[in-house]
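**Student:** quick one: sequence and predicted model below, then my questions.
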Amino acid sequence: MGSSKSFLSLFVAFSMIFSLLSVVLSEPIQAKSTRTAIIVNVKGNVTVKKSGGSKSYTAYGDMTLNQGDVISTGASSSAVVRIADHDDEITIGDNAEVSVTDLANEGSGKQSKVSSWAGSMWVKVKSLVGAEDEFEVETPTATMGVKGTQFYTGVNPVTGETFVVVGAGAVLTTTTTYQQPDTSNPQNTNTTLLLPTQQINLTGRDEITDVATKTEIIDIFQLVERSSPELLEAIIKNKAEIDKENAEFIEKKKAEIAEKNKADTGNSALTINDIETLNKISKNLDNIIGNIVKTALDQKKIDPDKMNQIVADANAKIIDIDKKIDLNKVEPLDRTAGLDPEKEKQKQAELEKLKAEKERKLAEQKRLEQEKLDKYKAILDALAKEKQRLQEANKKAEEEAAKLAEAEYLKQLSAAERAAYEQNKSNNTSTTPPQTGSGTSGNTGGGTGGSTGGSTGGSTNNNNSNSVPQVPALISPTQAITSANGNIELKLRAATTSTIQIMNGTTLLASAPGQGETDVVFNISLAKGIYNLTAQTERAGKVSMAVPIPQITVGSSPASPANITISQAGGPSGNIINLNLNLNDFVDASQFYAVEAHLVYNNSLSYTGTSAIADVQGTVFDGSNMAETLTQHAGSTQNELIYAASQFETTATTGTINNLSVSGQKLLVTIPLTVNSTASNTAVVDLVYVKIVNKTGATVYELGSSLPNAPKSISVTTR
């Protein structure tokens with residue numbers, strides 16, 4: 001499309017018509033030694049989407065997971081995944097989406113990475129022996145690098161908010177923002193070290209300049225509220241291992257205090273300058289699990305009998321009787337333990353500033369939304385005025401047509417007949433031209449009724465029967481149509497005192513009484529051919545002028561089902577390949593107004609063009625009141641490309657833009673994709689979802705998983 005086109009209308013149309021598809025992108029297997037993970041436990045509805053695929057499979061125990069696989073859990077469902085060669089364990093809660101992003105041996109190190117886009121997890125990572133060993137958890141907001149750790153992470157799928165709680169070990173939390181257009185410093189990283197008893201809540205990567213400001217002592221109520229029963233059970237049952245790691249942490253910090261009069265806490269918000277502070281932290285560590293148990297019971301997350309069994313199982317693994325869970329001995333956490341009062345004061349001031357800024361932005365957002373609402377109201381008001389103008393214009397046109405019909409009629413009358421007509425019109429204020437002025441068939445006017453009495457009586461009692469009826473109003477079709485099966489629908493309106501007739505030349509095809517302001521619907525079957533039909537009204541043997549109906553073309557064979565196809569257009573040209581999307585046989589009930597299509601391919605291919613597509617003559621959406629966009633959403637392993645196209649109306653074109661139809665095959669769009677230098681000779685492109693709607697928003701075609709039209713996949717040549 002040209003840059004002059006309005007994409008506001010397109011945006012509004014898409015917002016109203018489409019519900020967009022959410023695609024989880026996962027990383028393809030790289031050219032290095034890969035490892036595997038295993039699903040060791042499944043509860044409820046758990047599915048796995050294999051790397052590079054679009055189909056989901058039901059998960060089961062001992063199912064092998066590879067790099068790039070995506071796990072999804074439904075409501076009240078969970079899964080436990082174990083890294084096969086390291087015994088790292090991930091308990092995934094309900095309503096979660098987790099991608100096994102990286103499982104590789106590279107050099108002398110083992111690299112493990114999972115990406116969480118929704119839901120919560122409890123992650124238990126054994127000590128990483130090698131210096132090059134890595135284990136990371138990525139969320140939309142931050143990346144967590146860990147070393148021998150047990151921690152919780154939760155992601156809000158709508159806002160991307162990330163909530164992290166450390167039960168044992170250490171988690172290096174990093175946010176990354178990109179500096180544009182400063183390419184010399186492409187990214188800015190901000191890190192903080194989370195130690196046991198700490199949590200962080202991040203709502204955005206660029207929310208704050210120092211992420212340590214968002215750290216605090218664990219909020220047990222918040223943790224339990226966000227966790228599923230399965231996650232809480234996993235946390236409680238791991239108390240023995242959590243205690244062991246934390247005991248090692250406390251002993252290490254004691255040694256550091258003895259040697260340096262201060263424990264090394266890196267860039268953590270925890271400050272441990274003396275044994276007294278360390279003892280407070282140690283006491284918190286001893287009470288975390290007990291507080292989780294109490295709060296879970298208070299919130300009715302777990303049935304008391306079930307909780308008793310969970311606690312018994314946890315205590316059975318604990319040797320030290322003082323470390324066993326005893327709800328009678330549980331004390332609340334000290335939320336000041338390890339926090340520097342001066343730093344906390346500064347942090348609170350920073351958080352107040354952040355809160356004020358959020359409130360300012362929220363107020364600004366509300367103001368802009370109100371402006372949009374006001375703008376849309378103004379548009380609706382303008383549309384209402386335009387509708388009124390059109391109605392008045394139509395009324396005027398009808399009056400002009402009546403005058404023309406009257407003039408034509410008068411030309412056919414003698415002087416005496418015209419005089420009688422004018423007298424009749426004057427007496428009865430009739431606006432429709434009668435055929436005769438004689439009233440001999442009217443009511444009995446007595447011996448003196450004569451011409452005058454008959455005329456007056458006839459007009460008064462049955463005036464319409466003596467007049468030429470007004471022409472019918474054609475409601476639809478308003479443009480030429482093509483039909484494969486010959487079943488044609490016509491809609492017209494006419495006065496209740498007349499009959500609408502559909503004519504093919506001099507042949508009457510159908511007739512029906514007029515219904516005033518209500519549409520009269522004709523369903524006519526036509527044989528193969530081209531038809532120039534007309535419509536007229538008839539009353540008491542008098543016929544109106546003919547109204548032409550737009551040309552109708554009927555094909556010779558039954559309509560093929562509407563369909564969309566994807567193909568490669570020719571071979572590669574340099575580092576560019578072209579894909580064609582074609583529409584086939586979108587006619588009759590499949591006529592449409594807007595299209596949306598989703599393609600998925602690995603990251604050896606990429607769309608690098610502009611979002612707005614230039615107008616291409618001969619394609620489906622070729623015209624001034626049409627707009628097309630291509631938008632690529634890049635994942636770490638796959639790219640998703642969304643094509644969207646729609647007609648739109650402006651003030652000048654309101655009510656004049658109709659649905660489109662495609663008879664046979666027609667090019668929808670040609671998509672150029674760039675092939676990177678490391679790509680293999682072929683690549684797979686999946687057409688995973690398509691939605692096509694008409695002007696009212698009704699779906700006329702839909703393609704996707706579990707839909708009548710299945711996703712399509714092609715192999716393209718890249719070299």
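**Tutor:** That came through, no problem.

**Student:** thought L687 was touching G704, still the case?
**Tutor:** No: G704 is beyond contact range of L687, at 9.4 Å (criterion: CB atoms under 8 Å). All C-beta atoms are positioned from the backbone trio N, CA, C, and that covers glycine.

**Student:** between these two, who's got more neighbours?
**Tutor:** L687 (23 against 17; other CB atoms under 10 Å).

**Student:** contacting residues for the closest residue to that one other than its chain neighbours?
**Tutor:** Closest residue to L687 apart from its sequence neighbours, by CB to CB, 6 or more residues apart in numbering: K712 at 4.3 Å. If you count contacts by CB atoms under 8 Å, 6 or more residues apart in numbering, K712 has them with 564-566, 686-687, 703.

**Student:** give me the pLDDT for K712.
**Tutor:** K712 carries a pLDDT value of 94.

**Student:** what of S430?
**Tutor:** The model's pLDDT for S430 equals 41.

**Student:** again, but for A407
**Tutor:** 81.

**Student:** quickly list what's touching both of G704 and L687.
**Tutor:** P711.

**Student:** quick check: phi and psi on L581?
**Tutor:** phi -110, psi 130 (degrees, to the nearest 10).

**Student:** contacting residues around the closest residue to it other than its chain neighbours?
**Tutor:** Sequence neighbours aside, L668 is the residue nearest to L581 in space, at 4.3 Å (criterion: CB to CB, 6+ apart). The contact partners of L668, by CB under 8 Å, 6+ apart, come to 564, 580-583, 595, 597, 619-621, 643, 645.

**Student:** among those residues, name the buried ones.
**Tutor:** Burial by neighbour count, 16 or more other CB atoms under 10 Å: within the contacts of L668 this picks out 564, 581-583, 595, 597, 619-621, 643, 645.

**Student:** closest one to T64 out of the residues you listed, please.
**Tutor:** Closest approach to T64 among the buried ones among the contacts of L668 (CB to CB): A597, at 32.9 Å.

**Student:** the closest one contacts L581, correct?
**Tutor:** Yes: contact criterion CB under 8 Å: A597 and L581 qualify, at 6.2 Å.

**Student:** list residues touching both of the two?
**Tutor:** What both A597 and L581 touch, as defined by CB under 8 Å, 6+ apart, is the set 564, 643, 668, 687.

**Student:** so, if you compare these, which one comes nearest to E97?
**Tutor:** Ranked by distance to E97 (CB to CB), these are led by L687 at 21.9 Å.

**Student:** now that closest one: which helix or strand?
**Tutor:** Assigned by DSSP states H and E, L687 belongs to strand 682-693.

**Student:** tell me the mean pLDDT for that strand?
**Tutor:** 93.

**Student:** got the CA coordinates for the helix or strand following that strand in PDB?
**Tutor:** Counting by DSSP H and E, the next helix or strand C-terminal to strand 682-693 is strand 699-703. Output of strand 699-703 as PDB, limited to C-alpha atoms (Å, rounded to 0.1, in the frame of the first residue of the first chain):
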ATOM      1  CA  THR A 699     -15.900 -16.100   9.900                       C
ATOM      2  CA  VAL A 700     -16.100 -17.500   6.400                       C
ATOM      3  CA  TYR A 701     -12.900 -19.600   6.500                       C
ATOM      4  CA  GLU A 702     -10.500 -20.700   9.300                       C
ATOM      5  CA  LEU A 703      -7.400 -22.900   9.300                       C
END
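
**Student:** what does strand 699-703 rub up against?
**Tutor:** Defining contact as CB under 8 Å, 6+ apart, one finds that strand 699-703 is touched by 562-564, 586, 589-592, 687, 689-694, 708-712.

**Student:** pull out the buried residues from that strand.
**Tutor:** Across strand 699-703, burial judged by 16+ other CB under 10 Å covers 700-701, 703.

**Student:** do the same with stretch 519-529
**Tutor:** For stretch 519-529, by 16+ other CB under 10 Å, it's 520, 522, 524, 526.

**Student:** how about those residues in a markdown table, adding secondary structure and pLDDT?
**Tutor:** A markdown table is the format used below for the buried residues of stretch 519-529 (DSSP: H, G, I helix; E, B strand; the rest coil; pLDDT from 0 to 100):
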| residue | secondary structure | pLDDT |
| --- | --- | --- |
| V520 | strand | 95 |
| F522 | strand | 95 |
| I524 | strand | 93 |
| L526 | coil | 91 |
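
**Student:** which helix in the chain has the most residues?
**Tutor:** helix 341-411 (DSSP state H).

**Student:** counting by contacts, list what the helix or strand that comes right after that helix packs against.
**Tutor:** Scanning forward in sequence from helix 341-411 by DSSP H and E, the next helix or strand is helix 415-428. Contacts defined by 3 or more CB pairs under 8 Å, 6 or more residues apart in numbering; DSSP states H and E place helix 415-428 against helix 450-462.

**Student:** quick one: strands adjacent to the helix or strand that comes right after the helix it packs on?
**Tutor:** The C-terminal neighbour of helix 450-462 among helices and strands, as given by DSSP H and E, is strand 473-476. Within its sheet, and counting by DSSP bridges, strand 473-476 is paired with strand 487-493 (antiparallel).

**Student:** pull the CA atoms of the strand it pairs with into PDB?
**Tutor:** Only the C-alpha atoms of strand 487-493 are listed here, as PDB (Å, rounded to 0.1, in the frame of the first residue of the first chain):
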ATOM      1  CA  ASN A 487     -28.400 -20.100  -6.600                       C
ATOM      2  CA  ILE A 488     -28.900 -16.300  -6.600                       C
ATOM      3  CA  GLU A 489     -30.400 -14.200  -3.800                       C
ATOM      4  CA  LEU A 490     -32.100 -10.900  -4.600                       C
ATOM      5  CA  LYS A 491     -33.500  -8.400  -2.200                       C
ATOM      6  CA  LEU A 492     -36.000  -5.600  -3.100                       C
ATOM      7  CA  ARG A 493     -38.600  -3.400  -1.600                       C
END
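
**Student:** could you look up the SS state of A296?
**Tutor:** helix (DSSP: H, G, I helix; E, B strand; the rest coil).

**Student:** roughly how far does it sit from L404?
**Tutor:** 84 Å (CB to CB, to the nearest Å).
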